[in-house]
Structures are given as structure tokens and as C-alpha cells.
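1. let me see the structure of the following:
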Amino acid sequence: MKSEFKSPRMGRRGALMLIGAAVPVLALSTKAANAFQMPESTAHYVPDATDGKPCAKCKFYEGSNACKVVKGSISPKGTCMLWQPH
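-> Model prediction:
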């Protein structure tokens, strides 16, 4: 009697196809994050942080009142919903 059970493991071809599909998506998402900034209102930016999460301690803050993901003049004392620790 022949078994109809197929292994759940992915073959070499399947793995290469998955990697090939993922690389452009990851590259685009990285470029998109750097190329597009959202308005302050969309990010819920406020110029004075009251939650202990100031822009100066966020990984997106670039110094000189600039942010990688929020448009405009960003205060190092401000905060938004996108805040991430260094």
C-alpha cells in the first residue's frame, strides 16, 4: 500500500521562491520608510512629551529638529505614537 502523506517540509525550489519574493518587498519597505514621512497630525505628534518618551530618545529622531518618519520641525522634547526606543 502506497502512502499518500506528503512531507510538510518546503523543498529547495519553494524556499528560493519565497526568498526571491521577500527580498524586493523588504527593500521597498525600507526605502519607503526613509522616503515618505507622515504629517504630524497623522502621527499624533505633540511638541511636549508627558509620557516619558521624548523624541530625543526615539530611534527615528535625527537631531536638528528632524525625524525619519514624521514631517516638519520636530522638537527633541516632543513625542508621537510611532515612538521606538534606541
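2. mind listing the strands for this structure?
-> With DSSP state E, the ranges of strands along the chain come out as 61-63, 66-67.
3. need these in a markdown table with distance to Ala43, can you?
-> For every residue, glycine as well, the C-beta is placed using N, CA and C. A markdown table is the format used below for these (distance: least, Cβ to Cβ, whole Å):
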| stretch | distance to Ala43 |
| --- | --- |
| strand 61-63 | 12 |
| strand 66-67 | 8 |
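4. and of those, who's closest to Pro85?
-> Of all the strands of the chain, strand 61-63 sits nearest to Pro85, with 11.0 Å by Cβ to Cβ.
5. that closest one pairs with which strands?
-> When pairing is defined by DSSP bridges, strand 61-63 lines up against strand 66-67 (antiparallel).
6. and for the closest residue to Val70 other than its chain neighbours, the neighbour number?
-> If the residues on either side of it in the chain are set aside, Val70 comes closest to Ala43, at 4.7 Å by Cβ to Cβ, 6 or more residues apart in numbering. Applying other Cβ atoms under 10 Å, we find 21 residues neighbouring Ala43.
7. how close does Ala43 get to Lys68?
-> Computed as Cβ to Cβ, to the nearest Å, the Ala43 to Lys68 distance reads 11 Å.
8. again with Pro47
-> Applying Cβ to Cβ to Pro47 and Lys68 gives a distance of 18 Å.
9. next: Leu82.
-> In terms of Cβ to Cβ, Leu82 sits 10 Å off from Lys68.
10. now do the shared contacts for the two.
-> Applying Cβ atoms under 8 Å, 6 or more residues apart in numbering, one finds that Leu82 and Lys68 are jointly contacted by Phe60.
11. what about those two, which has more around it?
-> Remark: of Leu82 and Lys68, Leu82 carries more neighbours, 18 against 14, as counted by other Cβ under 10 Å.
12. how about the contacts made by the more buried one?
-> Neighbouring residues of Leu82 by Cβ under 8 Å, 6+ apart: 43, 58, 60, 69-70.
13. pick out the most distant pair among the residues you listed.
-> Ala43 and Cys58, at 11.1 Å, using Cβ to Cβ across the contacts of Leu82.
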